[in-house]
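Asker: Predicted structure and sequence below. I'll ask about it afterward.
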Amino acid sequence: MSLSEKDVQYVAKLARLEVTNEEVAKYTEQLGNILQYVEQLNQLDTANVEPLTHPLDVKNVFRDDVVRPSLTQQEVLSNGPEIQSGHFRVPKIM
Amino acid sequence: MELYQKTLHEISTDLKTKKVSSVELTKTVMDHLEKVEPQVQAFITITREAALKQAAEADKRLSAGQDVTPLTGVPVAIKDLLCTKGVRTTCASKMLETFLPPYNATVVEKLYSMGAVSVGKTNMDEYAMGSSTETSYYKKTKNPWNLACVPGGSSGGSAASVSADQAFASLGSDTGGSIRQPAALCGIVGLKPTYGRVSRYGLIAFASSLDQIGPFGKDVEDCAIMMSAIAGHDPKDSTSADLPVPDYAVEAKKPVKGLKIGIPKEFFPDGLNKEVADAVKQAIEELKKQGAEIHEVSLPASPFALAAYYVLAPSEASSNLARYDGVRYGLRVPGENIMEMYSKTRAAGFGSEVKRRIMLGTYALSSGYYDAYYLKALKVRRLIKQDYDKAFEKVDVIATPTAPNPAFRFGEKTGDPLSMYLEDVFTVSINITGLPGLSVPCGLSKTGLPIGLQLIGKAFDESTLLRTAYAYEQATEWHKQKPSLREA
Amino acid sequence: MAIEYEPVIGLEVHCELKTATKLFCGCRTTFGNEANTQVCPLCLGLPGTLPVMNAKAVEFAVKIGHALNCIISKYSKMDRKNYYYPDLPKAYQISQYDKPLNYDGHLEITLKEGTKRIGITRAHLEEDAGKLVHAGGKAGRLDSSDYSLADYNRGGIPLVEIVSEPDLRSAEEAYAYLTELKSILLYIDVSDCNMEEGSLRCDANVSVRPKGQSQFGTKAEIKNMNSFRFAKQAIEYEIKRQIALLEKGERVIQESRLWDVTENKTKPMRSKEEAHDYRYFPEPDLVPIVLSADYVQKIKNSLPELPAAKRARFASKYGLTPYDAGVLTDEQELAHWFEEGAKHTKSPKGLANWMMGDMAAKMKEQKKELKDLKFDQKKLCELVDLVEAGTINSKQAKEVFAEMFDAGISPAEVVKSRGMAQVSDPKAIESAVDKVLAENPSVVADYKGGKQGVIGFLVGKVMQASQGKANPKLVNEVLKKKLDV
């Protein structure tokens, strides 16, 4: 599967990364090379192989439904770039 | 020998026997740290004041002879992707330039509770993505063995700081080789634990199913001491293993007679750097002399590990790094609307390697490509694991080179991302399978650059790795050599 | 000839679980506190934090699965659903994609024509997002706001998303489904189901197709329906809108639409963006959930009798109409109160009538709940039995009820102290009737002249003369006898 500039623009948008035209061209080439390298995975027959999502075979890790201290409002907001009346402020969504 | 040139276990004894106080020691170490820092550039944040406070507290414990651990009063360094409460944690990124975590990572809490003294936060590749520490937004760390060369990555600062005696030990993280490869390139010992052996709580995530925190030490015993300090179950990390923690320093000193060591032919390809191949083969011979049995093993799927890694790691990273959006913390670049704010913030906050991997990962997970890439890589992952499981039925430990070459020069591999990725060719399969891996110095190149021997173990068998490494190390002098801090 | 169209509706209901803490961290789930005061590093999405699953949330989710007749997965896992929105701190929601905890269930709705089974595709576990307040511009409206404010108190609260099969065929059916589902969820005590507080939310997928066609039409998703009533209205409107489009020869666009409560119509959401590519993949920070058969059975055994079963049993055991059974079982507490009461009367139907009539009315008027009542079932049953026996008439009964309700006095007491025992003595009634007939000759003449309706007036006069104590039925009988002579 070869990667096109359109693919890169779509992916950049999905990932919320503003890219210039030069960057699109550069990334298309670089990502294309990497994907080509990755193609070699197809040399392995995995038809009857189960995916391995966790290296550890652990299951059922739970915690009790017990209240623990939260941060103070001040601590929550402390790294906020823009704060207004106890909330995080963001520019318009539409 | 200067105090700061001693090993952790040596200085720990000095502290316990009151030959030196932690405050004196910390002052000495910090003076040396700051003296060589212009050359080494290992630190993003140096915490002198806080360190002296911690040292004073440690001294109270040492004088009272109460609550004294092997780390009480010992200056150590912490990779800047571990959250330290109230101390800037940047991941070497512009995105988190002013980020102050309101909490400590579990491993940091453990070190602090043992009375360790933190000298500062070390430099790294941005968001742990890299093998040379060249992608850091802040600075390039130099290899103390040749300042014109890279220290390896992504934990370059943690490795260089220990190599240059700026700290007695340090913490790094390893997702594809980021502890072992810099350990090899900087001539020190580095250990990536079994996945789940050490809590990831407070480790700023790169690839969740691959990341592990591990120690750097000047020698195997130091590494073992650090391992015992940070290992253990953490209820805050669902992927952390609930198993008892051995006293690794004791385990490391057990003999290796009868130990079965596997040599996988796939890790000694024809084109392998001759100096690396020779140094590693000699190390294996030394172990044979000590009574270990050498066996040939095969890991046929392992050559595909790098390809699988470069699907899995960027995919998880693309999701883990999505939260850096300018809303709650970190950099914000204003925009007309939220979409613009997101896109401009992330474009300005991330370097190009990070962006490359985010895009690669986003692509691999996207509709239509998930099966071909991500799912396929997960299946190859199982094949690679099966290979190792089979090999470990025959042997106790597997020995390979850590890195395909000694330290390379700045800029040598930055032009082509793929050439940089190949640095990880011998280390990634260990992350993919979750097994423990260690690098111990086993030689110097003609130009005086360190070469590392990688030892791979069964799950949760760090003891055998440390034992094998210790036996080898004690029969050689590599761990006693110090870098010149010169440029060549 | 005009094509007849058939609506096809599927509902997605999000139910917030009433656990004490959030799904992955120990923050409180209380509603209505000051912004960003129930937030920790994890639910704020700070770097380095890791989720740990709330055992109670899994228990509640399995309960829901049982109550909706689902297959409970022995092996299930969590997945990441990746998208950007400022109420989502990690830019991904931890949800379930291909291995939901519960699937292939159903519930039954009761319509005029009978019952109908509605399939439930799945009911899976996921975390809630925070809350956004849109400000500036036409304040409160997303599409004209200048900026938004984010509060993460709600972020991370456990949700179960219940997805129905597209088996609903009208807005009435949708309404019935929602009310039955809510009743079930309240019965198993997993949620407050309060739509105003957001602990129950609903979206509808609506499409239409020519009757007889098997292929589905294009669907629109309707959001922002803040009550079951609005949901019914919105769905009705949307069905009409789509049919009108198709009849004009136009096509229905697949889109998200909002129910506008001021204009009473659905309107397209100025789309946030194109269709999401959520890039689902298994959540690496959490481990799989493997439930033992024992655990699953234990949860099943802990379920109370569910609304449908209780309704059926009330109808057969107490001789109630399906409607009455429905009203009494709408809330579990009320059903229980009734059942306890039914032990103390020979007329459960009478008890039911009082509960649904005067008792319900007064409770609503005085904003009282069952626990606030000054009387218990035994007292109310006394009243029921007094009426059944004919000791007091219905008008008197109302007065007695009022005293019992307001002051908790037992009906027997009230009747005794007010000398209310209904007069049923035939002689006394005869003499009262004779008196009234004598005093109202013109009315008698009217009656005999054909105006039979005026008997009511005469009954009233007798009742008046007896201070309301006469047995009206008897009065009627005696009057008729005397007049028809």
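Answerer: That came in fine, so what should we check first? None of the values given here were measured: they were computed from a predicted structure. Numbers count the residues shown, from 1 in each chain, chains lettered A, B, ... in the order given.
Asker: Check whether C:Glu16 really touches C:Asp192, as I assumed.
Answerer: Yes: with contact defined as CB atoms under 8 Å, C:Glu16 reaches C:Asp192; the gap is 7.5 Å. Backbone N, C-alpha and C define where each C-beta goes, glycine included.
Asker: Compare these two (neighbour count), which wins?
Answerer: More neighbours surround C:Glu16 than the other of C:Glu16 and C:Asp192, with 23 against 17 (other CB atoms under 10 Å in any protein chain shown).
Asker: So what sits opposite the more buried one in the bridge?
Answerer: Here C:Glu16 sits in beta bridges with C:Leu159, going by DSSP bridges.
Asker: quick one: buried residues of the helix or strand C:Leu479 falls within?
Answerer: C:Leu479 belongs to helix C:472-483 when assigned by DSSP states H and E. The neighbour-count check on helix C:472-483 (16 or more other CB atoms under 10 Å in any protein chain shown) flags C:Pro472, C:Leu474, C:Val475, C:Asn476, C:Val478, C:Leu479, C:Lys480, C:Leu483 as buried.
Asker: May I have the secondary structure class of the nearest residue to the second one once chain neighbours are set aside?
Answerer: In space, not counting the residues next to it along the chain, C:Leu474 is nearest to C:Ile429; the distance is 5.4 Å by CB to CB, 6 or more residues apart in numbering or on different chains. Following DSSP: H, G, I helix; E, B strand; the rest coil, C:Ile429 is assigned to helix.
Asker: now swap in A:Val90 and tell me
Answerer: strand.
Asker: B:Met341 versus the residue nearest to it when sequence neighbours are not counted, what's the distance?
Answerer: With CB to CB, 6+ apart as the criterion, A:Val90 has its nearest non-adjacent residue at 4.7 Å, and that residue is C:Pro86. According to CB to CB, to the nearest Å, C:Pro86 and B:Met341 sit 9 Å apart.
Asker: Contacts only, for the residue in chain A positioned nearest to chain B.
Answerer: Nearest residue of chain A to chain B (CB to the nearest CB) works out as A:Pro55 at 2.6 Å. The neighbourhood of A:Pro55, defined by CB atoms under 8 Å, 6 or more residues apart in numbering or on different chains, consists of B:Tyr195, B:Gly196, B:Ser209, B:Lys385, B:Ile432, B:Thr433, B:Gly434.
Asker: out of those residues, which is most surrounded?
Answerer: For those, the largest number of neighbours (other CB under 10 Å) sits with B:Ile432, at 30 neighbours.
Asker: can you pull the contacts of that one?
Answerer: For B:Ile432, the contacting residues are A:Pro55, B:Leu210, B:Ala305, B:Ala308, B:Tyr309, B:Leu312, B:Arg381, B:Ile384, B:Lys385, by CB under 8 Å, 6+ apart.
Asker: Check the residues you listed for burial and list the buried ones.
Answerer: Buried among the contacts of B:Ile432 (16+ other CB under 10 Å): A:Pro55, B:Leu210, B:Ala305, B:Ala308, B:Tyr309, B:Leu312, B:Arg381, B:Ile384, B:Lys385.
Asker: follow-up on the earlier one: tell me the SS of the residue of chain A closest to chain B?
Answerer: coil.
Asker: Which residue, other than its chain neighbours, is closest to the residue nearest in space to the middle of chain A?
Answerer: Residue closest to the average C-alpha location in chain A (CA atoms, centre = their mean): A:Ala15, at 7.1 Å. Spatial nearest neighbour of A:Ala15, excluding adjacent residues (CB to CB, 6+ apart): B:Thr362 at 4.5 Å.
Asker: contacting residues for the one you found?
Answerer: By CB under 8 Å, 6+ apart, the contact list for B:Thr362 reads A:Val11, A:Leu14, A:Ala15, B:Ser318, C:Arg279.
Asker: would you list those in JSON lines and tack on secondary structure and pLDDT?
Answerer: Shown next, in JSON lines, are the contacts of B:Thr362 (DSSP: H, G, I helix; E, B strand; the rest coil; pLDDT from 0 to 100):
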{"residue": "A:Val11", "secondary structure": "helix", "pLDDT": "96"}
{"residue": "A:Leu14", "secondary structure": "helix", "pLDDT": "95"}
{"residue": "A:Ala15", "secondary structure": "coil", "pLDDT": "97"}
{"residue": "B:Ser318", "secondary structure": "helix", "pLDDT": "98"}
{"residue": "C:Arg279", "secondary structure": "coil", "pLDDT": "96"}
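Asker: Out of those, which is nearest to A:Ser4?
Answerer: The nearest member of the contacts of B:Thr362 to A:Ser4, counting by CB to CB, is A:Val11 at 10.6 Å.
Asker: and which of the contacts of B:Ile432 is nearest C:Ile299?
Answerer: Among the contacts of B:Ile432, and counting by CB to CB, the member closest to C:Ile299 is A:Pro55, at 31.1 Å.
Asker: The lengthiest helix in chain C: what's the following helix or strand?
Answerer: Among the elements of chain C assigned as helix by DSSP state H, the one spanning the most residues is helix C:228-247. Using DSSP H and E, the next helix or strand after helix C:228-247 towards the C-terminus is strand C:256-260.
Asker: So is stretch C:278-287 next to chain A?
Answerer: Yes: Stretch C:278-287 reaches chain A (CB under 8 Å from any CB of the partner chain) through C:Arg279, C:Pro282, C:Pro284, C:Leu286, C:Val287.
Asker: give me every residue that touches the residue nearest to C:Asp146 when sequence neighbours are not counted.
Answerer: Nearest residue to C:Asp146, sequence neighbours excluded (CB to CB, 6+ apart): C:Gly136, at 2.7 Å. For C:Gly136, the contacting residues are A:Lys92, C:Ser145, C:Asp146, C:Tyr147, by CB under 8 Å, 6+ apart.
Asker: Look up phi and psi at the second one.
Answerer: Listed backbone geometry of C:Ser145 is phi -80, psi 150, with angles given as degrees, to the nearest 10.
Asker: What count of nearby residues applies to it?
Answerer: 21.
Asker: what's the spacing between it and B:Asn337?
Answerer: Distance, C:Ser145 to B:Asn337, using CB to CB: 11 Å.
Asker: Repeat that for the last one.
Answerer: Distance check for C:Tyr147 against B:Asn337: by CB to CB, it reads 10 Å.
Asker: higher neighbour count, these two?
Answerer: With neighbours defined as other CB under 10 Å, C:Tyr147 and B:Asn337 compare such that C:Tyr147 has more, 18 against 14.
Asker: phi, psi of that one?
Answerer: When read as degrees, to the nearest 10, the backbone of C:Tyr147 gives phi -160, psi 170.
Asker: In space, what's closest to C:Gln254 - neighbours in sequence excluded?
Answerer: Excluding its sequence neighbours, the residue lying closest to C:Gln254 (CB to CB, 6+ apart) is C:Thr218, at 5.1 Å.
Asker: On the pLDDT front, check that neighbour for me.
Answerer: As predicted, C:Thr218 sits at a pLDDT of 95.
Asker: again, but for C:Lys272
Answerer: As predicted, C:Lys272 sits at a pLDDT of 53.
Asker: just C:Tyr92 next, same as before
Answerer: pLDDT, read off for C:Tyr92, is 98.
Asker: Could you give the number of residues near it?
Answerer: 24.
Asker: do the same with C:Lys90
Answerer: Other residues near C:Lys90 come to 24 when the count uses other CB under 10 Å.
Asker: Okay, buried residues for stretch A:18-32 please.
Answerer: A:Glu18, A:Val19, A:Glu23, A:Val24, A:Tyr27, A:Thr28, A:Gln30, A:Leu31, A:Gly32.
Asker: Tell me the helix or strand right after the longest helix seen in chain A.
Answerer: Longest helix of chain A, by residue count under DSSP H: helix A:21-38. Counting by DSSP H and E, the next helix or strand C-terminal to helix A:21-38 is strand A:62-63.
Asker: Quick check: mean pLDDT of that following strand?
Answerer: Strand A:62-63 carries an average pLDDT of 98.
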